[in-house]
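Novice: Take a look and give me a structure for this.
(chains A and B)
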Amino acid sequence: MAHRIEVSLKELVRDARGERIRREIEHFLHLSVTSVRTMDVYSIDAELSADELETVASEPLCDRVIQKYSIDSPSASDFDFLVEVGFRPGVTDNVGRTAREAIEYVTGRRFGPGEGVYTSVQYLLKGDLERSEVEKIATGLLCNTLIQRYQITDYATFAAGGAKPLGIPKVAVESRVEVREIDLNVSDDVLMAISRDGVLALTLEEMKIIQGYYQRPDVVEQRKALGLSGNPTDVELEALAQTWSEHCKHKIFSAHIEYLDENGNSEEIRSLFKTFIQGATKKVREELGERDYCLSVFKDNAGVIRFNDDWSLVFKVETHNSPSALDPYGGALTGIVGVNRDPFGTGKGARLIFNTDVFCFASPFYEKPLPARLLHPRRIYEGVVEGVEHGGNKSGIPTVNGSLVFDDRFAGKPLVFCGTAGIMPAVINGEPSHVKSIDPGDLIVMTGGRIGKDGIHGATFSSEELSESSPVSAVQIGDPITQKRMTDFLIRARDKGLYNFITDNGAGGLSSSVGEMSQVCGGCRLDLAKAPLKYSGLAPWEILISEAQERMSLAVPPAKIDEFLSMAEKMGVEATVLGEFTDSGFFHILHGDRTVAYLPIHFLHEGLPPMRLRGVWEVKKHPEPRPVEKKDYTGDLLDLLSSLNVCSKESVVRRYDHEVQGGSVVKPFTGVTNDGPSDAAVVRPVLESFEGVVVSHGICPRYSDIDTYHMMANAIDEGLRGYVAVGGSPDLVAGLDNFCWCDPVQSDKTPDGEYKTAQLVRANKALFDYCVAFGIPLISGKDSMKNDYFDGVTKISIPPTVLFSVIGKMEDVRKAVTMDVKRPGDIVYLLGKTSFELGGSEYYAARGFTGNRVPRVDAATSLKRYRAYHGAVDQGLVASCHDLSDGGLAVALAEAAFAGGFGIEADLGRVLFAGVACDRRDEVLLFSESASRLLVTVRPEDRERFEEVMSGNCFSSIGVVTEAMTLTVTGLDGSVVISGDLATLKEAWQSPLREL
Amino acid sequence: MALAKAIVITGNGTNCEMEAAHACRLAGFDEVKIAHISEILYGEVRLDDFHFLNLTGGFLDGDDLGSAKAQANRLKHARIAGSNEHLVDQLLRFIADGKLILGVCNGFQLMVKMGLLPAFGGSYLDQVATLTFNDCGRFQDRWVYLHCNPDSPAVFTRGIEKGIYLPIRHGEGKFYTDSPEVLERIENLNLSVLKYSDAAFSTPTMDFPLNPNGSLNAIAGLCDQTGRLMGLMPHPEAFVHRTNHPRWTREELPEEGDGLILFRNAAEYVKRNLP
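Specialist: Here you go, the predicted structure:
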């Protein structure tokens, strides 16, 4: 029988958690509750004496200054309803794990097999509530039924002793090792049923390739020698499905595409990835010549560039969309700790220096009905924000840059981009750190967490659209502390040269990590029976593809294994030898003595012919709003400042530690009261030096409604613009692309697939054109191609979205520039020209229009301007700089002014305009989102030098910083068109998300 | 004079070891060791060989049982491998030898929950206070003004005129005592070294966000009666250079950040008083 320890707060102690939940019940569910109090419950399923139980309850589990405890006796009181929420069996319970360790310290004994600690939370609700309302509170807020269970007890039942405990979520699976064979000599319909029922996400064509392989006489012969039949084992089929999944294989980016433009001109593209992404980098590197700073691109878990002679910089951005849709907290937490392992598993391993996060959600105030299985955007917002908070903060990695993008189509699937950068010594033990290899005979070692049923079919599931029947096992909950222990250990092992190769266990688990490592040296022999499991009863195929978190796979030379394992043990990290790498040419998997998978490396990785797609582009004409001629645009500006895409995200950003590691230089918020929005982040990764890493990003999904080519171009420009604004050097800068698309494969479910494919082609064309023109090599990236919801009736597709992340260097962070105006009298300049480019703008969106005039990027003149501006920064001539993006000049002026705490007087008549005279209107000059523009302030005494440095570029002085706390903009006819006091403008900008 | 030696303990979720070590070096410590807790538990590193112990920020064991609770339990119960000594014995000897301990954020939570602070009358393992969830119910990263008590015995804050400006980064920073008497005694003994205050460092405040967590009496930092043990929620190691300051691009600031003074005082104390 499990013992139950309940821990509650003492009478007079404020229950901040309960208060927050009460507010959320009111806010989200519109139910009034008098009070909510919370209690922690520990169910201890282990042999403990009464004394030990008392010590455990009173010391580690209870803080006696504020809490009290009870053992094996229900202690709740003074409530109307009690809701207890605990995990479902097999879901990671981090608090339970820590409690177990604490109990082991107290007793001096390790828990035996099957013993464990399980946690749950009791919510004591008081108020005039119906049971159905409590049900709504439980399912709508307190409990995610996908991973948790709940039980409601009313007070009368409780008082009568009728409350049944929730029960412990012990995994009860029969310990039975079974390997099935699947007969593929069946009809096409049955082949598809095998794929569908097994969540394999394999197409008929792919199933037939597998069928054909097993029918080959040489294969039959070879398998017979190993005691295998002519049918694939479930282990083999799962390994193939994982390796060939869209998630892992990027079939769409490797496809052969026939592209037809709007004039019917046809073009054959053999792999978007090779043609446009690798192609761009190759071209940029050729042009850089001897100055090339790329060290490792597209071949490792993350890209590597040079930082200086002593250090190399590593960066990767991932998405974790599908899991975050189902379990926002667990999905996002896993997203961040998952991407941490990418730079950590790059080269010989990098120390992690910062995270970046970009989330795309539907409005948290969404009020339309939602189809089945979709969580309310507000809940997704809450869960994702908290998941990334816990993942980043607990790992000790500062979150330095990010954004929140809103569009109601993201209700179909939220996008959760998580990025992590790392740094490693350029040379480790005499070898370049970005290079690694495996020798046959090296041991396969897995470190970190144990394997469970969590995350099974993550890779294949995210290769399909979200639907009502999406599998629950695909969700995992990350454990930052287990991972932190592992990385603390592995960095030390790295410096001692204890391993040859390291990679991460992410999507596809061991199948993916060991599969890819086997490609490096030519084969492997791995025994699944040696893998440490969370609980017994996993089938061999489950062990192979489980995506249980916090694991790295390594190649350790036999001579180093003893030292490696003993160091791991001392540091409390589990490390297990699972087999060895070979040069046999085969991915050879055993369970004990029995061979359960035997696949040629070549077939596994190269056996899939390219997919064929067709893209047909058409220019869509959107209604164009009538030009507006108003006397006063102050109201429009206030509306824009309050729009979700423009408004302050401070309530979220303050929840992220952005300063840990001590190298923060330009923080997310800046200005006189630390609340103006920075354009990019600057970080010093090596505290003894003033060299800095600069990171920023661009993302503009709304422009996709007009043309994804320009969406991409603007995202690149936005990323580079913010980067340059704070002082990033145009001479050492790299990019990462993260494509999130709606399914572009034409089918009954996707009748507009050809258009979506054409959109994808156009975005890639722009990626090539602009990266080459700006001289930005792409060093890594990722695609997520199935961001749709479809339940058979309702289909919600996200707008095609690319996150373009920019990373680079500044030689001396003491020259960094922030966006807040600095002092009255400074001259306000606008760099770049403004055109009538309101298509896809925030201003049009506020009026319910898309329009057609999407901003166009002129890379050559922009780059020249950025370089000149960087020269001015280098000479210390820039007091402040803010980039112009959503909301155009008007928003940028307001933000720079209220961040700095000084007014601005600006004159639209002095803004450089490109276009026909009749388009030169106040509305256009204020709100157009023309690319590549920067708002700069300069001290009067630096005026001449600044103008000299900028000469030959488009720029004009448009006003002055003033003592008066107002923003005053004069229109083309000389009258004031915007006049707002800074407090009002700032309040409009700060209020929308303040309480979230 | 012997070398001044600092140690920073890491492992199990400690995060700020590098910048804490950097601050110690800048402050003049001759030797700074970042030791993983396992090295201490296996007897490979001994506290006795150092003068200044840094218990720094992070999320020990994920703060899963309440911040730093699991580590407090570990330090109390864990034995040094191959000996009969408990780690806590080494720690108490370190204190008895007149050495210095600074706990920052998670380290402060650890010290309070182990009873190392305020430790009235030198009763070092007696917990009478705690740090719990911020009143706002959320983790916060923001900068705070800290009024410094000129009458406190703390060696770390000597020479601070009015106050210092530092970042806090925590979800559980609300200082709380188990009785009003404890709070009164802390104040009477001037053990409340630092308090959240207004921007002029003149008046302690309970107003959010100046006081980011609702701490009783606005207490942000605490020392014991010897002044050699101190803990604080704000991060002094996060402000050692002017570029750490959130407004360094708009204010005239000295090259050195406010946080460094704590480490300089520690180094000076060690060099003067500890052989």
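
Novice: Spit out the contact partners of residue B:178.
Specialist: A:64-66, B:128-130 (C-beta atoms under 8 Å, 6 or more residues apart in numbering or on different chains). Using the backbone N, CA and C atoms, a C-beta is placed for each residue, glycine as well.

Novice: Please spell out which residues along stretch A:430-447 are buried.
Specialist: Of the residues in stretch A:430-447, A:432-434, A:436, A:438, A:442-447 count as buried by neighbour count, 16 or more other C-beta atoms under 10 Å in any protein chain shown.

Novice: pLDDT (mean, whole number) over it?
Specialist: Computed over stretch A:430-447, the mean pLDDT rounds to 96.

Novice: Report the distance from that stretch to the chain centre.
Specialist: Stretch A:430-447 sits 28 Å away from the centroid of its parent chain (C-alpha atoms, centre = their mean, to the nearest Å).

Novice: when you scan it, is anything in it near chain B?
Specialist: No: judged by C-beta under 8 Å from any C-beta of the partner chain, stretch A:430-447 stays clear of chain B, getting no closer than 15.0 Å.

Novice: CA atoms only for that stretch, dumped as CSV, please.
Specialist: The C-alpha coordinates for stretch A:430-447 follow below in CSV (Å, rounded to 0.1, in the frame of the first residue of the first chain):
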residue,chain,number,x,y,z
GLY,A,430,44.6,19.0,-30.5
GLU,A,431,41.7,18.5,-32.9
PRO,A,432,39.2,21.0,-34.4
SER,A,433,36.2,20.9,-32.2
HIS,A,434,33.7,20.9,-35.0
VAL,A,435,35.0,17.6,-36.4
LYS,A,436,34.3,14.2,-35.0
SER,A,437,34.5,10.6,-36.2
ILE,A,438,33.8,7.0,-35.2
ASP,A,439,36.1,4.1,-35.4
PRO,A,440,34.7,0.6,-35.9
GLY,A,441,35.0,-1.0,-32.4
ASP,A,442,33.9,2.1,-30.6
LEU,A,443,31.2,1.4,-28.1
ILE,A,444,27.7,2.6,-28.4
VAL,A,445,26.9,4.4,-25.2
MET,A,446,23.7,6.1,-24.2
THR,A,447,23.6,8.6,-21.3
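
Novice: Without its sequence neighbours, what residue ends up closest to residue A:240?
Specialist: residue A:210 (6.0 Å; C-beta to C-beta, 6 or more residues apart in numbering or on different chains).

Novice: and the helix or strand encompassing the one you found, what does it pack onto?
Specialist: Using DSSP states H and E, residue A:210 sits within helix A:204-215. Contact partners of helix A:204-215 among helices and strands, from 3 or more C-beta pairs under 8 Å, 6 or more residues apart in numbering or on different chains; DSSP states H and E: helix A:188-197.

Novice: packing partners for the helix it packs on?
Specialist: helix A:204-215.

Novice: May I see the buried residues of the helix it packs on?
Specialist: Buried, per 16+ other C-beta under 10 Å, within helix A:204-215: A:206-207, A:209-211, A:213-214.

Novice: if we can go back for a sec, from the contacts of residue B:178, which ones fall inside strands?
Specialist: B:129-130 (DSSP state E).

Novice: Emit the PyMOL select command for whichever of the contacts of residue B:178 are buried.
Specialist: Selection of buried members from those for PyMOL, criterion 16+ other C-beta under 10 Å:
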select buried, (chain A and resi 65+66) or (chain B and resi 128+129+130)
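
Novice: Distance check, the residue nearest to residue A:240 against residue B:58.
Specialist: To residue B:58, residue A:210 is 48 Å away according to C-beta to C-beta, to the nearest Å.

Novice: and if you look at residue A:610?
Specialist: Distance of residue A:610 to residue B:58, computed by C-beta to C-beta: 48 Å.

Novice: Please apply the same query to residue A:865.
Specialist: In terms of C-beta to C-beta, residue A:865 sits 44 Å off from residue B:58.

Novice: correct me, but residue A:768 touches residue A:275?
Specialist: Yes: counting by C-beta atoms under 8 Å, residue A:768 touches residue A:275, with 7.5 Å between them.

Novice: which stretches of chain A aren't confidently modelled?
Specialist: Applying pLDDT under 70 to chain A flags the ranges A:172-176, A:457-475.

Novice: most residues in a single helix of the chain, which one?
Specialist: All of this is about chain A. helix A:753-774 (DSSP state H).

Novice: wrong chain, I was asking about chain B
Specialist: Per DSSP H, chain B has its longest helix at helix B:260-273.

Novice: Break down the stretch 751-900 of chain A into its strands, ranges please.
Specialist: A:778-784, A:788-790, A:795-797, A:801-810, A:827-831, A:880-883 (DSSP state E, counting those that start in this stretch).

Novice: Neighbouring strands of the fourth one in the sheet, and parallel or not?
Specialist: Sheet pairing for strand A:801-810, assigned by DSSP bridges, gives strand A:692-698 (antiparallel), strand A:733-740 (antiparallel).

Novice: relative to strand A:778-784, how tilted is the last one?
Specialist: In other words, strand A:733-740. 10 degrees (axes from the mean of the first three to the mean of the last three C-alpha atoms, to 10 degrees).

Novice: Ramachandran coordinates for residue 160?
Specialist: In the absence of a named chain, this looks at chain A. Per-residue torsions, residue A:160: phi -80, psi 10 (degrees, to the nearest 10).

Novice: ok, how many other residues are close to the closest residue in space to residue A:739 that isn't next to it in sequence?
Specialist: Nearest residue to residue A:739 in three dimensions, chain neighbours excluded: residue A:783, at 4.1 Å (C-beta to C-beta, 6+ apart). Residue A:783: 20 surrounding residues under other C-beta atoms under 10 Å in any protein chain shown.

Novice: got it, and residue A:264?
Specialist: Residue A:264: 8 neighbours (other C-beta under 10 Å).

Novice: how much space between the residue of the stretch 851-996 of chain A found nearest chain B and residue A:671?
Specialist: Residue of the stretch 851-996 of chain A nearest chain B, by C-beta to the nearest C-beta: residue A:900 (7.5 Å). Counting by C-beta to C-beta, the gap from residue A:900 to residue A:671 is 6 Å.

Novice: of the two, who's got more company?
Specialist: Neighbour count, other C-beta under 10 Å: between residue A:900 and residue A:671, residue A:900 has more, with 29 against 26.

Novice: show me what contacts the more buried one?
Specialist: Counting by C-beta under 8 Å, 6+ apart, residue A:900 has contacts A:671-672, A:676, A:820-822, A:880, A:961, B:250.

Novice: rewinding a little: next SSE downstream of the helix holding residue A:210?
Specialist: Next along from helix A:204-215, by DSSP H and E: helix A:217-225.
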